[in-house]
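# Structure for the following, please:
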Amino acid sequence: MTTYEPFTVDIPETALVDLRERLQRTRLAPEFANDDWRFGTNGAYLQELLDYWATDFDWRAQEAAINQFSNYKTTIDGIPVHFIYEKGKGPNPTPLILSHGWPWTFWDWHKVIVPLTDPAAYGGDPADSFDVIVPSLPGFGFSTPLTTTGFNFWRSADLWVSLMREVLGYDKFAAGGGDWGSLTTAQLGHKYAEHMIGVYLLLMAPLTLFNVPLSTLPEESEFSADEAGWYERNQDFFTDGSGYSAIQSTRPQTIAYAMNDSPAGLCAWILEKRRSWSDCGGNVESRFSKDDLLTGISIYWFTQSYGTSARYYYECTHNQWQPAHDRTPVVEAPAGVGVFSEEAFFMPRRWAERYYNLQHWTMMKPGGHFAPMEEPQALTEDIRTFFRSLQSK
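Take a look at the predicted model:
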């Protein structure tokens, strides 16, 4: 068994002083005709958020909140892995690993951890409790420094199997995820189905999504009447909303120098995605408080992990995903999907029924790409419902 050790987040005071000084010296780019964010992050709101970051944001309070959970670090095959590990308060908790994406951090899952571990405290059934494990992806947050090339979602899946089986001692386990975490979770259900209780996905996509040439998405005819507008939304996302991916898939190191040096630049880059991918109706603070936004951005800043998080895209594009088997469905583990109404892009149900061993499908409204932060209660209940249904089969 590989060992793991308790970990306490404790950012040096010198790093906080340095951040404040950099924020006070910010020089924003000239801007005009961008009140509607059509050219990217709006300067007036960015300045407001930066001022709050420099003067009112209390990192120590956020750090204390993170440290209220049981944090650990281990090293697997030379890769540093940070994770939260909270034991369930029920008769037979189900081990559940939850994977985040970009520009998420592990902290995007924090609102669902206690309700999943202790359902009785929220009016639920103790039989629905989970042992919850929330790792930081390799090269993200406190799973740093990453100095090994080639890490992407399928290598992360390999790492999670080692974490769950060899480090924590679970023979079989459940998994869930959003964004990169959905692809990581789907890969677990593809390659390691025999070790999976089930997989719960927030974002549906073929595992070949980043293969070159890029994977073909479903045609308009695949979408049902109930899925009206989804095809058009996909077209819009991949033509107008994926420039960040093109940069991070080709020259991540070039932009990493800017993001690692400028907190204002890092904030603008991540903020725009929080606004455009969430169900906020253009008002980002209707979904995320300033503290919510800046805690995630601060984790990227203090760990200097933007560069390795961006390389995740490069490593998926330049290392072709290869199937572990040629059987159908591609993802053989029992699969559940929570389809939030303002997700970044969508796959039709008839595609999902071919691609996954689909056992559960819930249309969720409201909510967007960052469901654990936007709609934690609805998401928690749907996760419980899916895995409860597997126990009865």
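
# ok, which stretches of the stretch 201-350 of the chain are helices?
In the stretch 201-350 of the chain, the segments counted as helices under DSSP state H, counting those that start in this stretch are 230-240, 243-250, 252-261, 263-277, 290-303, 306-317, 349-355.

# which of the residues in the last one are buried?
By neighbour count with 16 or more other C-beta atoms under 10 Å, helix 349-355 contains the buried residues R349, W351, A352, Y355. C-beta coordinates here come from the backbone N, C-alpha and C atoms, glycine included.

# Extract the C-alpha set from stretch 72-89 and format it as CSV.
Extracted C-alpha coordinates of stretch 72-89, given in CSV (Å, rounded to 0.1, in the frame of the first residue of the first chain):
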residue,chain,number,x,y,z
TYR,A,72,-3.9,14.6,2.2
LYS,A,73,-1.0,14.3,-0.3
THR,A,74,0.6,11.2,-1.7
THR,A,75,3.0,10.4,-4.5
ILE,A,76,2.0,7.8,-7.2
ASP,A,77,4.6,6.8,-9.8
GLY,A,78,6.5,10.0,-9.0
ILE,A,79,3.4,12.2,-9.4
PRO,A,80,2.2,14.4,-6.5
VAL,A,81,-1.5,14.0,-5.7
HIS,A,82,-3.5,16.2,-3.3
PHE,A,83,-6.9,15.0,-2.3
ILE,A,84,-9.7,15.6,0.2
TYR,A,85,-10.9,12.4,1.9
GLU,A,86,-14.0,12.5,4.0
LYS,A,87,-15.5,9.3,5.4
GLY,A,88,-19.2,8.7,5.1
LYS,A,89,-21.5,8.6,8.2
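
# Pull out the buried positions in that stretch.
Per 16+ other C-beta under 10 Å, stretch 72-89 contains these buried residues: 72-74, 76, 79-86, 88-89.

# so how far is stretch 80-99 off the chain centroid?
From the chain centre to the centre of stretch 80-99 is a distance of 16 Å (C-alpha atoms, centre = their mean, to the nearest Å).

# State the mean pLDDT of that stretch.
Stretch 80-99 comes out with an average pLDDT of 98.

# and it, how far apart are its ends?
16 Å (C-alpha to C-alpha, to the nearest Å).

# Now do the strands in the protein.
Per DSSP state E, the chain carries strands over the ranges 5-6, 71-76, 79-86, 94-99, 130-135, 173-177, 196-201, 331-342, 356-368.

# Deepest-packed of those, please.
Across the strands of the chain, averaging neighbours per residue (mean count of other C-beta atoms under 10 Å) puts strand 173-177 on top, at a mean of 28.

# neighbouring contacts of that strand?
With contacts defined as C-beta atoms under 8 Å, 6 or more residues apart in numbering, strand 173-177 is touched by 94-101, 130, 160, 164-165, 183-185, 188-189, 195-202, 383, 387.

# what angle do it and strand 196-201 make?
Angle, strand 173-177 to strand 196-201, by axes from the mean of the first three to the mean of the last three C-alpha atoms, to 10 degrees: 10 degrees.

# Could you spell out the sheet neighbours of strand 173-177, each with its direction?
strand 94-99 (parallel), strand 196-201 (parallel) (DSSP bridges).

# Send me that strand as PDB with only the CA atoms.
Output of strand 173-177 as PDB, limited to C-alpha atoms (Å, rounded to 0.1, in the frame of the first residue of the first chain):
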ATOM      1  CA  PHE A 173     -15.600   2.400  -6.300                       C
ATOM      2  CA  ALA A 174     -17.900   5.000  -7.900                       C
ATOM      3  CA  ALA A 175     -16.800   8.000  -9.800                       C
ATOM      4  CA  GLY A 176     -18.200  11.400 -10.900                       C
ATOM      5  CA  GLY A 177     -17.000  14.400 -12.800                       C
END
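
# just to revisit the earlier point, distance to A256 added to the strands paired with strand 173-177, as JSON lines?
Output for the strands paired with strand 173-177, formatted as JSON lines (distance: least, C-beta to C-beta, whole Å):
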{"stretch": "strand 94-99", "distance to A256": "22"}
{"stretch": "strand 196-201", "distance to A256": "29"}
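
# Closest to A64 out of the buried residues of helix 349-355?
Set against A64, the nearest of the buried residues of helix 349-355 by C-beta to C-beta is A352 (40.8 Å).

# shouldn't that closest one be in contact with F346?
No: in this structure, A352 is not within contact of F346 by C-beta atoms under 8 Å, at 9.8 Å.

# who touches both of those two?
M204.

# ok, now which ones touch the closest residue to A186 other than its chain neighbours?
Spatial nearest neighbour of A186, excluding adjacent residues (C-beta to C-beta, 6 or more residues apart in numbering): V331 at 5.2 Å. V331 sits next to A186, G189, H190, A193, V199, Y355, Y356, N357 when contact means C-beta under 8 Å, 6+ apart.

# and those residues, which two are the farthest apart?
Pairwise over the contacts of V331, using C-beta to C-beta, the maximum falls at A193 and Y355, 13.6 Å.

# ok, the closest residue to Q24 other than its chain neighbours - contacts?
Leaving aside its sequence neighbours, Q24 sits nearest to A54 (C-beta to C-beta, 6+ apart; 5.8 Å). When contacts are counted by C-beta under 8 Å, 6+ apart, A54 touches R20, L23, Q24.

# T250 and R311 touch, don't they?
No: using C-beta under 8 Å, T250 makes no contact with R311, being 11.0 Å away.

# Neighbour count for these two, which is higher?
More neighbours surround R311 than the other of T250 and R311, with 23 against 12 (other C-beta atoms under 10 Å).

# give me every residue that touches the more buried one.
R311 neighbours (C-beta under 8 Å, 6+ apart): G139, T149, F151, Q248, P252, Q253.

# how about a cut-off of 6 Å?
R311 sits next to P252 when contact means C-beta atoms under 6 Å, 6 or more residues apart in numbering.
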